[in-house]
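Peer 1: quick check, what structure comes out for this input:
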Amino acid sequence: MDGTDHRTCHPEGRAQVASHSKYAETANTLAKLAHGQADNLLTITALAARCPILLVPAMDGGMWSNAATQANVTTLRERGFHFVGPARGRMASGLIGEGRMVEPAEIFGHVRVVLGVKDS
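Peer 2: Below is the predicted model of the structure:
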């Protein structure tokens, strides 16, 4: 860790250590994709892909609203990446805000749209 206290106040008042590494990896992945870095299976696959890519970001609200993250999102949208979310609500950290992963049914609906699947 970076020495920062990553504890958050749980809704019931007790201290809780949030799993920020999960969120950082999501923001980190967006940054890697925006800058063309390919150092893991996900980023290698995305860089080589010639098909639509749908990204479903989920991270702490402060990370999502950070100017660097938003610049990466803008770059990725300009390059044709599709986004769904994040949603507003209670996150894994116990905080409420924008950054929560969109529900799977909504993700599936967006996948159908991106792939051009029409209802029968």
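Peer 1: please make it C-alpha for all contacts and neighbour counts, starting now.
Peer 2: Fine.
Peer 1: and the helix or strand hosting Phe108, what does it pack onto?
Peer 2: Phe108 is located in helix 104-115, with elements delineated by DSSP states H and E. Counting contacts by 3 or more C-alpha pairs under 8 Å, 6 or more residues apart in numbering; DSSP states H and E, there are no secondary-structure elements packed against helix 104-115.
Peer 1: average pLDDT across that helix?
Peer 2: Averaged across helix 104-115, the pLDDT comes to 88.
Peer 1: in that helix, what's buried?
Peer 2: Residues Ile107, His110, Val111 are the ones in helix 104-115 that count as buried (16 or more other C-alpha atoms under 10 Å).
Peer 1: and for stretch 64-72?
Peer 2: Per 16+ other C-alpha under 10 Å, stretch 64-72 contains these buried residues: Trp64, Thr69, Gln70, Asn72.
Peer 1: just the CA atoms of the helix or strand containing the second one, as PDB, please.
Peer 2: Secondary-structure assignment from DSSP H and E places Thr69 in helix 67-78. Provided in PDB are the C-alpha atoms of helix 67-78 (Å, rounded to 0.1, in the frame of the first residue of the first chain):
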ATOM      1  CA  ALA A  67      -9.900  14.300 -14.200                       C
ATOM      2  CA  ALA A  68      -7.300  11.700 -15.300                       C
ATOM      3  CA  THR A  69      -9.900   8.900 -15.300                       C
ATOM      4  CA  GLN A  70     -12.400  11.100 -17.200                       C
ATOM      5  CA  ALA A  71      -9.700  12.000 -19.800                       C
ATOM      6  CA  ASN A  72      -9.000   8.300 -20.300                       C
ATOM      7  CA  VAL A  73     -12.800   7.600 -20.700                       C
ATOM      8  CA  THR A  74     -13.000  10.400 -23.300                       C
ATOM      9  CA  THR A  75     -10.100   9.000 -25.200                       C
ATOM     10  CA  LEU A  76     -11.500   5.500 -25.200                       C
ATOM     11  CA  ARG A  77     -15.000   6.700 -26.400                       C
ATOM     12  CA  GLU A  78     -13.300   8.700 -29.200                       C
END
